[in-house]
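A.B. asks: Below are the sequence and a predicted model for it; my questions follow.
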Amino acid sequence: MDLQKASMWKRISAFLFDGILLSIMAVLFAWLLSVLLGFDGYYQTVTDGYDRYAQEYGVDFSMTTETYESLTAQERENVEAAYAALSADEETAYAYRMVMQLSILITSLGLLAGFLSMEFAVPLLLGNGQTLGKKIFGIGLMRTDGVKVGPISLFIRTLLGKYTLETMIPVYILLMIFWGTIGIVGPVVIGLIWLTELILLCATQTRSLLHDLLAGTVAVDVASQRIFDTREDMIAYYQRQHAEKVSRQTGL
């Protein structure tokens, strides 16, 4: 099969355009969830708790490790006492746990809603696996055998590939880094994912990333690539092409 791959600049342009739209949708969904789940209230409780004990003990909770090491023994005792009082405050401690849990939940569901709407629902409506960005830049999706991409392949590509492997694993790691619950392993995992994507992009004949390999899809130029509705249509087409070629060669 003569594969008419989409040019890299078109793919990059479509990726950036779709990324902006997906980010907007994810933020809107996340904001709605934060309102429904009362995230701002918990966050404000945590902030008030930190401010209250910072003033009471005369400490700065945002100090760096270097700053802490430069404190006197009495100043360190004040910092430790402030943290002990903060930990003993049940209301603040509960609000802190809720902020952590809701941050992960809201981020996960916001991104999931964004991916399902912009990378799954829209391509099903537009056809040929096209997002709005792909539609604008003339890119389509098809299976590697030349057949139109179906809902199952598109769902695998979106949910397992783009959402889970390429987005949520790095996002979870970044959140754990932010909360101080993971060490050097986190950045190493993110680096390995990005390195794998780069290798696949350069080494595969179809210039595919993880999500395309998982779903068995490839990005093509819709203006020049023939995409068949079914495998039977594809087989029939090539049989006709072969018969015509034989006919021309034999002069019949």
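C.D. replies: Cool, the structure landed.

A.B. asks: Tell me where this protein has helices.
C.D. replies: 8-37, 39-57, 65-69, 73-88, 90-115, 122-126, 132-136, 151-155, 169-178, 185-203, 210-215, 231-250 (DSSP state H).

A.B. asks: List the buried residues in the fifth one.
C.D. replies: So the one you mean is helix 90-115. Of all the residues in helix 90-115, those buried under the rule 16 or more other Cβ atoms under 10 Å are 92, 95-96, 98-100, 102-103, 105-115. Yep, even glycine has a C-beta here, placed from its N, CA and C like the rest.

A.B. asks: One more: stretch 176-187?
C.D. replies: Of the residues in stretch 176-187, those with enough neighbours to count as buried (16+ other Cβ under 10 Å) are 182, 186.

A.B. asks: Spatially nearest residue to the most centrally placed residue in the chain, not counting backbone neighbours?
C.D. replies: The residue at the geometric middle of the chain, judged as the C-alpha nearest the mean C-alpha position with Cα atoms, centre = their mean, is residue 167 (2.7 Å). For residue 167, the nearest residue in space outside its immediate sequence neighbours is residue 111; the separation is 6.1 Å by Cβ to Cβ, 6 or more residues apart in numbering.

A.B. asks: For that neighbour, report the pLDDT, please.
C.D. replies: Each residue has a pLDDT score; the one for residue 111 is 95.

A.B. asks: again, but for the one 4 residues further on
C.D. replies: Residue 115 is assigned a predicted lDDT (pLDDT) of 95.

A.B. asks: show me the contacts for it.
C.D. replies: Contacts of residue 115 were listed using Cβ atoms under 8 Å, 6 or more residues apart in numbering, and they are 22, 26, 158, 159, 162, 163, 167.

A.B. asks: Buried subset of the residues you listed, written for ChimeraX?
C.D. replies: Only the buried members of the contacts of residue 115 enter the following ChimeraX selection, criterion being 16+ other Cβ under 10 Å:
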select :22,26,158,159,162,163,167
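
A.B. asks: Filter the contacts of residue 115 down to just the ones in strands.
C.D. replies: Among the contacts of residue 115, no member falls in strands (criterion: DSSP state E).

A.B. asks: ok, of the contacts of residue 115, which one's closest to residue 239?
C.D. replies: residue 158 (33.8 Å; Cβ to Cβ).

A.B. asks: For the closest one, give me its contacts.
C.D. replies: Neighbours of residue 158 in contact, by Cβ under 8 Å, 6+ apart: 115, 116, 119, 120, 211.

A.B. asks: Just give the closest residue to the third one, not the sequence neighbours.
C.D. replies: Distances taken as Cβ to Cβ, 6+ apart put residue 158 closest to residue 119, at 4.5 Å, once the chain neighbours are dropped.

A.B. asks: That neighbour and residue 123, how far apart?
C.D. replies: With the distance defined as Cβ to Cβ, to the nearest Å, residue 158 ends up 8 Å from residue 123.

A.B. asks: same deal with residue 115?
C.D. replies: Spatial separation of residue 115 from residue 123 under the definition Cβ to Cβ is 11 Å.

A.B. asks: Pairing partners for the closest residue to residue 206 other than its chain neighbours in the sheet, please.
C.D. replies: Nearest-residue entry for residue 206: residue 218, 4.4 Å, with adjacent residues in sequence omitted and distances by Cβ to Cβ, 6+ apart. The residues listed as beta-bridge partners of residue 218 by DSSP bridges are residue 142.

A.B. asks: Quick check: residue 33 touching residue 106?
C.D. replies: Yes. Counting by Cβ atoms under 8 Å, residue 33 does reach residue 106; the two are 4.8 Å apart.

A.B. asks: any shared contact partners between those two?
C.D. replies: Any residue near both residue 33 and residue 106 by Cβ under 8 Å, 6+ apart counts here, and that gives residue 39.

A.B. asks: what sits against residue 151?
C.D. replies: Under the criterion of Cβ under 8 Å, 6+ apart, the neighbours of residue 151 are residue 124.
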